[in-house]
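K.L.:
my questions are about this predicted structure, shown below with the sequence.
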Amino acid sequence: DVKVTQSSRYLVKRTGEKVFLECVQDMDHENMFWYRQDPGLGLRLIYFSYDVKMKEKGDIPEGYSVSREKKERFSLILESASTNQTSMYLCASSFRVGNSPLHFGNGTRLTVT
Amino acid sequence: GDSVTQMEGPVTLSEEAFLTINCTYTATGYPSLFWYVQYPGEGLQLLLKATKADDKGSNKGFEATYRKETTSFHLEKGSVQVSDSAVYFCALSDQGGSYIPTFGRGTSLIVHP
């Protein structure tokens, strides 16, 4: 079974801190994604990556950056956390074919105070 | 661009009732269609998928048929259980495009004993 592991279930950070959210997948998937999930807004794509060192902006990249140095690991970085980045963050991975489903981690609930 | 529209929730049902969650889509190419389920406190997981017109995806008693003529992929279950309480997401992935999935906003299902 594919496993996507997010390093933290819950995080509490202060405004202005630099925050790292880590995600690791064990199925040699080419694609990796970061979403945020907010009530009433569904899933919104922040960034995705289709290969090592490659990244593409999603719908809401402002205030975020990403890093993919190895195929299995995709990191989301909040350079200077703000309270409006309090959210549930979901990492996902997939093979790079159109009918390949996404495999999700269990999410990181980030609170910025 | 591509889009997915789901009925708004919450949908509240009694145990053993019939479930329908509507999903319609617009796509420029020929998409694959998916239903994902998110149980409380977890990430999304694939429930079922269909990759071409008239295909029926099924899993755990849930079914959905890919209807190209009506651009729909409605989720149905004949007899829901309390354990089916979750949020359900319809999604599409354009096989001829960038393989970035497009999600609906999710529909919350609450099943009472």
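P.N.:
All right, it came through fine.
K.L.:
now the chain, which segments are flagged as low pLDDT?
P.N.:
I'll assume chain A. Along chain A, the parts satisfying pLDDT under 70 run over A:2, A:98.
K.L.:
was after chain B, sorry
P.N.:
B:96-98.
K.L.:
my guess is A:Glu79 contacts A:Ser65, does it?
P.N.:
Yes: here A:Glu79 reaches A:Ser65: they are 6.4 Å apart, a contact under CB atoms under 8 Å. Backbone N, C-alpha and C define where each C-beta goes, glycine included.
K.L.:
quick one: name the residues of chain B near chain A.
P.N.:
B:31-32, B:34, B:36, B:41-46, B:49, B:51, B:89, B:93-97, B:99-101, B:103-106 (CB under 8 Å from any CB of the partner chain).
K.L.:
list the buried residues in stretch A:34-54.
P.N.:
A:Trp34, A:Tyr35, A:Arg36, A:Gln37, A:Gly42, A:Leu43, A:Leu45, A:Ile46, A:Tyr47, A:Phe48, A:Ser49, A:Tyr50 (16 or more other CB atoms under 10 Å in any protein chain shown).
K.L.:
ok, of those, which one's closest to chain B?
P.N.:
When those are ranked by distance to chain B (CB to the nearest CB), A:Gly42 comes first, at 3.6 Å.
K.L.:
quick check: closest non-adjacent residue to that closest one.
P.N.:
Leaving aside its chain neighbours, A:Gly42 sits nearest to B:Arg105 (3.6 Å; criterion: CB to CB, 6 or more residues apart in numbering or on different chains).
K.L.:
can you tell me which residues contact that neighbour?
P.N.:
A:Gly40, A:Leu41, A:Gly42, B:Gln6, B:Glu8 (CB atoms under 8 Å, 6 or more residues apart in numbering or on different chains).
K.L.:
and if we set it to 10 Å?
P.N.:
A:40-43, B:4-9, B:87, B:89-90 (CB atoms under 10 Å, 6 or more residues apart in numbering or on different chains).
K.L.:
now the strands for chain B?
P.N.:
Remark: strands assigned in chain B by DSSP state E are B:3-6, B:11-14, B:19-21, B:23-26, B:31-38, B:44-50, B:56-59, B:62-65, B:75-77, B:86-94, B:102-103, B:107-112.
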